[in-house]
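> Show me how the following folds:
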Amino acid sequence: MKTVRRMLALWACFAVLAAQAADNMKAFPAAEAGMVRHVLQLPAQDDEADFKVELIAGRTLELDPGNQYFFSGSIAEETIQGWGFPRYVVSSLGSLAGTLMAIDPSQPKVDRFVALRGEAHLIRYNSRLPIVVYAPEGVEVRYRIWSASAQAKAIDRG
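Numbers count the residues shown, from 1 in each chain. The predicted structure is shown next:
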């Protein structure tokens, strides 16, 4: 009987979390024509202040393996009116640029993810609110989780 109660309590918790996630999505409008809405729901952490999320937008292309490539462009943060929630928008990927190292023409091309160039777009980790990114069709949105060390080290005086 205890097992059944625990299972029902666990199911009720999941139902509440799913309902909250659905309520939070009401704030985020559907994507406009030519855009795609990407949604990331983060898992809860013990101390979320020790984490950051890096948003990475780009495209997978068939390129040579030796040069470094990047797109111009940026990820803009906007606040949703009436809600105060942030949303992130990739307006477009600019032109493709890269280094010009001479590559053996007989080398086969490889699939590579090419990201926007510039500063890493780090945002606050918040498991209670989805991260919503609007990007043009054909643009991939990826993420990385960054975490701080539990130990802070002193800097020598100089």
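> Mind jotting down where the strands sit in the protein?
Secondary structure of the chain (DSSP state E): strands located at 35-40, 51-63, 69-71, 75-79, 86-90, 96-98, 110-115, 121-124, 131-136, 140-147.
> Find out how far the fourth one is from the centre of the chain, if you would.
Meaning strand 75-79. Offset of strand 75-79 from its chain centre (C-alpha atoms, centre = their mean, to the nearest Å): 13 Å.
> same check, this time on the last one
Going by C-alpha atoms, centre = their mean, the spacing between the C-alpha centre of strand 140-147 and its chain's C-alpha centre is 5 Å.
> Please identify the buried residues of it?
residue 141 (16 or more other C-beta atoms under 10 Å). For the C-beta atoms, the positions are set from N, CA and C on the backbone; glycine is no exception.
> oh, and call the first residue 25 from now on, that's how I've got it
Fine by me, first position is 25 from now on; the one you just mentioned is strand 164-171.
> relative orientation of that strand and strand 155-160 in degrees?
150 degrees (axes from the mean of the first three to the mean of the last three C-alpha atoms, to 10 degrees).
> What ranges in the chain fall below the confidence cut-off?
Within the chain, the stretches with pLDDT under 70 are 25-47.
> Can you give me the end-to-end span of stretch 98-118?
Using C-alpha to C-alpha, to the nearest Å, one end of stretch 98-118 lies 9 Å from the other.
> ok, now stretch 175-182?
End-to-end distance for stretch 175-182: 22 Å, by C-alpha to C-alpha.
> Check the offset of that stretch from the chain's centre.
So, by C-alpha atoms, centre = their mean, the centroid of stretch 175-182 is 32 Å from its chain's centroid.
> ok so, going back, let me know which of the strands of the chain is tucked in deepest.
Neighbour counts (mean count of other C-beta atoms under 10 Å) averaged over each of the strands of the chain peak at strand 155-160, with a mean of 21.
> Strand partners (parallel or antiparallel) of it?
Note on strand 155-160: by DSSP bridges, its sheet partners are strand 59-64 (antiparallel), strand 110-114 (parallel).
> Can you lay out those as CSV showing distance to residue 136?
Formatted as CSV, those follow (distance: least, C-beta to C-beta, whole Å):
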stretch, distance to residue 136
strand 59-64, 20
strand 110-114, 19
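> No further questions, thank you.
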